[in-house]
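[1] Next come a sequence and a model predicted from it.
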Amino acid sequence: MNGNQVRTSLPRNAYDFYPTPEWCYEKLPIDWSQFKTAHEPCKGDGRIVSFLQNKGIKTSWTEIQEGKDYFEWDGEVDLILTNPPFSIAREFIEHSIACASTVIMLLRIIRRVAWWNPQLFSRMFDGNDPDELGIRSSIALMLVLVGVSVFFDIEPILGAFLAGTIFAFTFSNRGTLESSLKGFSYGFLIPIFFINIGLNYDISVFSETQFFVEVGYLFLIAVGVKFIPSLLLVFSKIKFRDMLAGGFLLSARFSLIIAMAEIGVHLDLISKELEQQIILLAVITATFSPILFRLVRTQTK
């Protein structure tokens, strides 16, 4: 089945009507007070019109289903905000630029382009592609969004997270790309992160007895929050040793907890000393939890 057959076999909403989720425009980093007048070319159910009016912007609208054709409208406004029908998006953009100083099109561009032109993206998910276009595209998108995050003074990790989210949202069937990215991340990027953590770790804290006491408290808390819920498995008639083994395995924590500690210090939410304790806790649990799991499981067999 080729791309054209897939596309023509699926029904589409009349007039390409797909309501825009509120978060698409509510989260835009825009000072809406700079606009006095606006126009919504595709009113639909009126949610964007209501949003703009609530911002104090005088807003007009057109809607083909109500007999008001946008291409027959020739007004002039400060802002045009809409989610246009993708089938004629280019015409919408050209007409909008002629009518407003600011034009915002809420297009799910990548997803729709991928839908209508699958041949353009097929190499990204080809496990035999010698150029590894999928990995290179993922890294490029990550770097772009990390750059945007830095520009807006937001945590860079958020940009990297959004890059992955965009790929997941755009491509539901990612083929071998997902496993390739995992191999690249765990084999290259994450080790670099931990090398940096190790280089900045202050080993002088090992000379303080109180440091190890507080790490011990953290260890008890970390193990407890995993063991106590695992005891609920008794209602599933699971053996106590299996529950114990599961608790040990779940107690292992490493990448995420260290990354969160790093962010916490950067945002002044936790002290540098507490970060050092969390890192040591992660090392201890990641090292010994799998060993204890194997020991307990071996005894149950």
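    On my side now, so go ahead. Numbers count the residues shown, from 1 in each chain.

[2] CA only for contacts and neighbour counts going forward, please
    Noted.

[3] Check which helices and strands the longest helix seen in the chain is in contact with.
    Counting residues, the longest helix in the chain under DSSP state H turns out to be helix 272-300. Packing partners of helix 272-300 (3 or more Cα pairs under 8 Å, 6 or more residues apart in numbering; DSSP states H and E): helix 209-230, helix 240-250, helix 255-266.

[4] any idea how far that helix is from the chain center?
    Computed by Cα atoms, centre = their mean, to the nearest Å, the chain-centroid distance of helix 272-300 equals 28 Å.

[5] the inter-axis angle of it versus helix 209-230?
    If you take axes from the mean of the first three to the mean of the last three Cα atoms, to 10 degrees, helix 272-300 sits at 50 degrees to helix 209-230.

[6] now helix 272-300: mean pLDDT?
    Helix 272-300 carries an average pLDDT of 82.

[7] who wins for proximity to Leu199 among the helices and strands packed on helix 272-300?
    Nearest to Leu199, of all the helices and strands packed on helix 272-300, is helix 255-266, at 13.5 Å by Cα to Cα.

[8] May I see the buried residues of the closest one?
    Of all the residues in helix 255-266, those buried under the rule 16 or more other Cα atoms under 10 Å are 258-259, 261-264.

[9] Would you mind checking which of the residues you listed is nearest to Tyr25?
    Nearest to Tyr25 among the buried residues of helix 255-266 is Ile263, at 27.9 Å by Cα to Cα.

[10] ok, back up a step: can you tell me which of the helices and strands packed on helix 272-300 is nearest to Phe193?
    Closest among the helices and strands packed on helix 272-300, using Cα to Cα: helix 255-266, at 9.0 Å.

[11] Tabulate the CA atom coordinates of the closest one in CSV.
    Output in CSV follows, covering the C-alpha atoms of helix 255-266 (Å, rounded to 0.1, in the frame of the first residue of the first chain):
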residue,chain,number,x,y,z
SER,A,255,20.2,9.1,35.7
LEU,A,256,16.9,10.9,36.6
ILE,A,257,17.6,11.6,40.2
ILE,A,258,21.1,13.0,39.4
ALA,A,259,19.7,15.2,36.6
MET,A,260,17.0,16.5,38.9
ALA,A,261,19.5,17.2,41.7
GLU,A,262,21.7,19.2,39.2
ILE,A,263,18.7,21.2,38.2
GLY,A,264,17.7,21.7,41.8
VAL,A,265,21.1,23.2,42.7
HIS,A,266,20.9,25.4,39.6
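
[12] How are the helices of this protein distributed by residue range?
    Secondary structure of the chain (DSSP H): helices at 3-9, 23-26, 47-54, 89-99, 109-116, 133-151, 156-170, 177-184, 190-199, 209-230, 240-250, 255-266, 272-300.

[13] Can you pull out the low-pLDDT segments for the chain?
    The model of the chain has pLDDT under 70 over residues 1-19, 86-87, 105-127, 129, 131, 169-175, 253-255, 299-301.

[14] Show me the domain layout of it.
    Domain assignment for the chain by automatic domain parsing gives 3-113, 121-177, 203-300.

[15] how distant is the second one from the center of its chain?
    So the one you mean is domain 121-177. Relative to the centre of its chain, domain 121-177 is centred 10 Å away, using Cα atoms, centre = their mean.

[16] again, but for stretch 42-62
    In terms of Cα atoms, centre = their mean, the centre of stretch 42-62 is found 29 Å from the chain centre.

[17] That stretch: end-to-end distance?
    Chord length of stretch 42-62, first to last residue, is 6 Å (Cα to Cα, to the nearest Å).

[18] circling back: looking at the helices and strands packed on helix 272-300, which is buried most?
    Ranked by mean neighbour count, the helices and strands packed on helix 272-300 are led by helix 240-250 with a mean of 20 (mean count of other Cα atoms under 10 Å).

[19] Extract the CA atoms of that helix and return them as PDB.
    The C-alpha trace of helix 240-250 is given here as PDB (Å, rounded to 0.1, in the frame of the first residue of the first chain):
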ATOM      1  CA  PHE A 240       7.300 -12.500  50.100                       C
ATOM      2  CA  ARG A 241      10.800 -13.100  48.600                       C
ATOM      3  CA  ASP A 242       9.600 -12.000  45.200                       C
ATOM      4  CA  MET A 243       8.100  -8.800  46.700                       C
ATOM      5  CA  LEU A 244      11.400  -8.300  48.500                       C
ATOM      6  CA  ALA A 245      13.400  -8.800  45.300                       C
ATOM      7  CA  GLY A 246      11.100  -6.400  43.500                       C
ATOM      8  CA  GLY A 247      11.600  -3.800  46.200                       C
ATOM      9  CA  PHE A 248      15.400  -4.000  45.800                       C
ATOM     10  CA  LEU A 249      15.200  -3.700  42.100                       C
ATOM     11  CA  LEU A 250      12.900  -0.700  42.200                       C
END
